[in-house]
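In: please work out how this folds:
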Amino acid sequence: MLLILLGDGDAGKDLRRLATELGLDEHVEFTGRAPDALVTEVMSTADIGLSPDPKNPLNDVSTMNKTMEYMAFELPVVAFDLVETRVSAAEAAVYARPNDVEEFADAVLDLLATRPAASRWVRPAGAASRTCWPGNTRQPVMSLSTTVSSVPERPRPCAELPVPTYGRTAAR
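Out: Below you'll find the predicted structure:
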């Protein structure tokens, strides 16, 4: 088993040290800041996506980019049960009680054991996530309909969608 951690965040240095202390260096790969090509390569070969964002006032109402990216790559997600994550990921995620690390770990192991079955409920979320979202200047990758049953058969290309200006002049 290999765990690949894309990016660093505030805990990157501490996580590297912990992996070494626990003797897990051969099972954990740290990429640091990752270019788009590496993100695509890793996401295209991954089995699941992890969103271990703890419950706090900010995270509870924030859409996590990584969760949307996992769904765009049709990866099942394990996440703590946060209000916005449940809105964003809906049925494409398995939820653990907020901040319950043991339950989160159990959910990861359960999902790894049932990966082929999980792909049946992730595929519709992946299709929905490949439309555009405000501010997306790259490929049409992320925006999710909150109900999987309302996924359009063919997402509209970014060029066909209005760009919200939020009081500024729109630019594509």
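In: doesn't Ala79 lie inside a helix?
Out: No. According to DSSP: H, G, I helix; E, B strand; the rest coil, the state of Ala79 is strand, so it is not within a helix.
In: contact partners for it?
Out: Neighbour list for Ala79: 50-53, 64, 67, 85, 89, 93-96 [criterion: C-beta atoms under 8 Å, 6 or more residues apart in numbering]. In this view, the C-beta of every residue, glycine as well, is placed from N, C-alpha and C.
In: separate out the buried members of those.
Out: Neighbour counting by 16 or more other C-beta atoms under 10 Å classes 50-51, 53, 64, 67, 85, 89, 93-96 among the contacts of Ala79 as buried.
In: among those residues, name the ones in helices.
Out: Mapping the buried ones among the contacts of Ala79 onto helices (DSSP state H) picks out 67, 85, 89.
In: how about those in TSV, adding distance to Ile4 and pLDDT?
Out: Below are those laid out as TSV (distance: C-beta to C-beta, whole Å; pLDDT from 0 to 100):
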residue	distance to Ile4	pLDDT
Thr67	16	94
Thr85	21	95
Ala89	20	91
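In: how many neighbours does Pro57 have?
Out: When neighbours are defined as other C-beta atoms under 10 Å, Pro57 has 7 of them.
In: which SS class is it?
Out: Assigned with three-state DSSP, Pro57 falls in the coil class.
In: how close does it get to Val42?
Out: 31 Å (C-beta to C-beta, to the nearest Å).
In: residues in contact with the strand or helix carrying Arg17?
Out: According to DSSP states H and E, Arg17 maps onto helix 12-21. For helix 12-21, the external contacting residues (C-beta under 8 Å, 6+ apart) are 5, 25, 27-28, 30, 32.
In: would you write a ChimeraX line that selects the buried entries of those?
Out: Only the buried members of those enter the following ChimeraX selection, criterion being 16+ other C-beta under 10 Å:
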select :5,28,30
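In: dump the residue contacts of the residue lying closest to Lys66 once chain neighbours are set aside.
Out: Excluding the flanking residues, the one nearest Lys66 by C-beta to C-beta, 6 or more residues apart in numbering is Ser51, at 5.9 Å. By C-beta under 8 Å, 6+ apart, the contact set of Ser51 is 64, 66-67, 70, 77-80, 85, 89, 93.
In: and the two most separated of the residues you listed?
Out: Greatest spatial distance among the contacts of Ser51 (C-beta to C-beta): Tyr70 and Phe80, at 14.4 Å.
In: which stretches in this protein count as helices?
Out: Going by DSSP H, the chain shows helices at 12-21, 36-45, 65-72, 83-89, 101-113, 115-129.
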